[in-house]
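J.: pasting the structure only:
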């Protein structure tokens, strides 16, 4: 996943809009107030953010992803089990959030039907950033399934975290551990099914099917979701 730095002027607008988001949400009024405070030409602000506050909401999420990647890059996880590394990455992503109300308002924004594709893309991007940081090397259908599962875990965690008023977010920590345990149980069941000789007539073709799906890095255009090739 490409990690494109956010334009400095856009970062200024993002910092300026956050105090207004708590009251107005990611709305045009909040965007206009940020533009006035930064003292930037409105035309230039519109060039940086064609959709106004929506683009700043996207930038806020992407900034959190960038902070998580930076924290993971310097973290010593050598003694952690892999499941603990994934849980740790999710906790780092939550720790990168400096404004809970901005996330609450963003969750409401991206739940709107016309904004749902943007919201799904952002969550997918977070899952992709975590897997990349943890050194994922899958190149077939597993590339997609890993990110799909982690997207579900992370989005559920955020919703739980928004309502968590426990001391030091202990309830959220426990929630993350339970979700990761659920995923690991699923993986154990999947592994046992794949090893069962009685199920080979079913799992064999499915495995070849998954192997024929290529991760984006293997395609001529890396921005495409994937490619399809005939099973060998």
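T.: Looks like it came in fine. For clarity, every value in this text was computed on a predicted model and none was experimentally measured.
J.: rest of the way, CA atoms for contacts and neighbours
T.: Fine.
J.: tell me the contacts of residue 111?
T.: Counting by Cα atoms under 8 Å, 6 or more residues apart in numbering, residue 111 touches residue 119.
J.: from residue 173, how far out is it?
T.: To residue 173, residue 111 is 25 Å away according to Cα to Cα, to the nearest Å.
J.: in the chain, which helix or strand is least confident?
T.: strand 227-228 (a mean of 44; mean pLDDT, DSSP states H and E).
J.: need the contact list for the nearest residue to residue 175 once chain neighbours are set aside.
T.: Nearest non-adjacent residue to residue 175, counting by Cα to Cα, 6 or more residues apart in numbering: residue 157, 7.1 Å away. For residue 157, the contacting residues are 172, 175, 176, by Cα under 8 Å, 6+ apart.
J.: so which of those comes closest to residue 137?
T.: residue 176 (23.8 Å; Cα to Cα).
J.: the closest one contacts residue 86, doesn't it?
T.: No. Residue 176 is beyond contact range of residue 86, at 9.6 Å (criterion: Cα atoms under 8 Å).
J.: the two: who's more crowded?
T.: Ranked by neighbour count (other Cα atoms under 10 Å), residue 176 and residue 86 place residue 176 first, with 24 against 21.
J.: what's near enough to touch that one?
T.: Per Cα under 8 Å, 6+ apart, neighbours of residue 176: 87, 90, 153, 157.
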